[in-house]
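Peer 1: build me a structure from this.
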Amino acid sequence: MSSETDQLRIFFLPLPTPGHMIPMVEEARVFAKHGVDVTIILTQGNANLVQKNIDHDSNTGHKIKTHVLQFPSAQAGLPDGVENFNSVTNIEMSHTLYRGIHLLQNQIEQLFHDMLPDCIVSDMFFPWTLDVATELGIPRLGFRGCGYFALCSEYCIKRHEPHKSTDSDVVLLPGLPPGTEQKSLGMLMNSFHELEGSYEEYLKTDIGLKAWSLGPVSLWANKDVNQKAERCNIAGREGHEVIDWLNSKEHNSVLYVGFGSLAMLPATQLNEIAHGLEASGHSFIWVVRKKESDEYDQVFPEGFEERMSESKKGFIIKGWAPQMLILEHPAIGGQVTHCGWNSILEGLNSGLPMIAWPLFAEQFYNEKLLTDVLRIAVAVGVKEWREYCEEGTAMVNRDEVEKAVRLLMGGEEEAAEMRKRVRKLQEAAKKAVEVGGSSHANLMDLINKLKSLKVKKI
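Peer 2: A predicted model of the protein is given here:
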């Protein structure tokens, strides 16, 4: 068998939102590190966000590159530079961005026809790639930016509609049978068997849908990155002083508070969080992402920032934060998460118990996985689902925030047990991506399957 036949060429097409694009790029990097020739299709603005890691991998001998497209800003009716959903400020703008992405379809289809990759990996929001792959006679794999539990719950709700037969705010799921496109080769999941094994097996055995668990992809995509060098590289960027601040704190004494790159909570809710954090008495780092129209004197209680600075109880970051370096610091003892799947995996990889604060998308399913199934988180009490650009009407008050922080960061038995459970999962995650681990075995199985399909086609 020739080396040309052995060399797989895979094209990755991610959705330009951090929760999907970043893990897909990390996934692509994992394939490249295992001998696959990888091309990632991105617009220029999004390529700029990940090019450093792509260049790092390419310079170390891996076959990985970006294919850059010009985003049709003028044609879509968007300002230059708005190419990612974390730049969107309202639902109308979100729809406009979708239309702009759709305008790229013909270019991408032509690229597939001209380059004829051996496999297409595309985000679930690009279902048309399945038709192109079928036309070209090549396998297509779908990417889901969530875990198995949320996927199964989503389809269970669609099939059984339990919410239509009760007036209660709480419904029991009578089964978890998902359904999806059967012509696709399967799905790539950023999860691992030891985390969601029962739901993974349910997906495969009850529906017959093929899925490969390759996660946590961030662990092995970045495991050769020199963390000390990265820590030095953040000098001069907003938020870098936080590492020095953390160095002055005891182990497991600081709570990290962040709601991802999409959520913008209203000033009234941010004010309640500030009151709750201060009243808890525990040290915290808070990454604040406010609406552009809000002023910080609307967001924080009077004198809040000054008190936190003088007491060294709180470190407030307005803008960019070196999140992974923060989470991995031994002083961090817990995390407030919006229950986005990447946020959950990052906390788990760092061995952190969590406060679950879901907002939109599948995050309420993820909350139940964290609190009821894995039992590594405490719920803050959110009841209202919203669109990601909407403020919502329900409020989590300061007393609920304080109570959740005290429970998670206190020394009681419940918190200690959560910490033990999440650290077991942390160790399982590390083993999953090592040679012989479950995710590593899945990756090699998939690569061999794709090679076999390529040989048969030849």
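
Peer 1: where does the stretch 51-200 of the chain dip in pLDDT?
Peer 2: Along the stretch 51-200 of the chain, segments meeting pLDDT under 70 span 158-183.

Peer 1: next: the stretch 251-400 of the chain.
Peer 2: Within the stretch 251-400 of the chain, the segments meeting pLDDT under 70 span 290-294, 296, 388-391.

Peer 1: what about the helices in it?
Peer 2: Counting by DSSP state H, counting those that start in this stretch, one finds helices in the stretch 251-400 of the chain at the ranges 267-280, 296-299, 304-311, 323-327, 341-349, 363-368, 398-409.

Peer 1: by contact count, what packs against the first one?
Peer 2: The one in question is helix 267-280. Helix 267-280 sits against strand 254-257, strand 283-288, helix 296-299, helix 304-311, helix 398-409, with contacts defined as 3 or more CB pairs under 8 Å, 6 or more residues apart in numbering; DSSP states H and E. Where you see a C-beta, it was placed from the backbone N, CA and C, and this is true even at glycine.

Peer 1: how many residues are close by the closest residue to Lys223 other than its chain neighbours?
Peer 2: Nearest non-adjacent residue to Lys223, counting by CB to CB, 6 or more residues apart in numbering: Val433, 7.7 Å away. For Val433, the count of nearby residues is 22 (other CB atoms under 10 Å).

Peer 1: now swap in the one 5 residues further on and tell me
Peer 2: The burial count assigned to Ser438 is 21, neighbours taken as other CB under 10 Å.

Peer 1: which residues touch the closest residue to Lys249 other than its chain neighbours?
Peer 2: Distances taken as CB to CB, 6+ apart put Ala331 closest to Lys249, at 3.9 Å, once the chain neighbours are dropped. The neighbours of Ala331, taking CB atoms under 8 Å, 6 or more residues apart in numbering as the test, are Leu246, Asn247, Lys249, Glu250, His251, Asn252, Ser253, Val254.

Peer 1: straight-line length of stretch 123-142, end to end?
Peer 2: Counting by CA to CA, to the nearest Å, you get 6 Å between the two ends of stretch 123-142.

Peer 1: quick one: residues in contact with that stretch.
Peer 2: Under CB under 8 Å, 6+ apart, the answer for stretch 123-142 is 13-15, 20, 24, 105, 108-109, 112-113, 116-122, 143-145, 180-181, 183-188, 212, 450, 453, 457.

Peer 1: from these, which would you call buried?
Peer 2: Neighbour counting by 16 or more other CB atoms under 10 Å classes 13-15, 20, 24, 108-109, 112, 117-122, 143-145, 180, 184-188, 212, 450, 453 among the contacts of stretch 123-142 as buried.

Peer 1: A helix includes Ser58, no?
Peer 2: Yes. Assigned with DSSP: H, G, I helix; E, B strand; the rest coil, Ser58 falls within a helix.

Peer 1: and the nearest residue to it once chain neighbours are set aside, bridged to which residues?
Peer 2: Distances taken as CB to CB, 6+ apart place Ile64 nearest to Ser58, at 5.6 Å, with adjacent residues excluded. When bridges are called by DSSP bridges, Ile64 pairs up with Val38.

Peer 1: spit out the contact partners of the closest residue to Ile108 other than its chain neighbours.
Peer 2: Leaving aside its sequence neighbours, Ile108 sits nearest to Ile41 (CB to CB, 6+ apart; 6.2 Å). Going by CB under 8 Å, 6+ apart, Ile41 touches Phe11, Phe12, Leu13, Pro14, Thr66, His67, Leu69, Ile108, Leu111.
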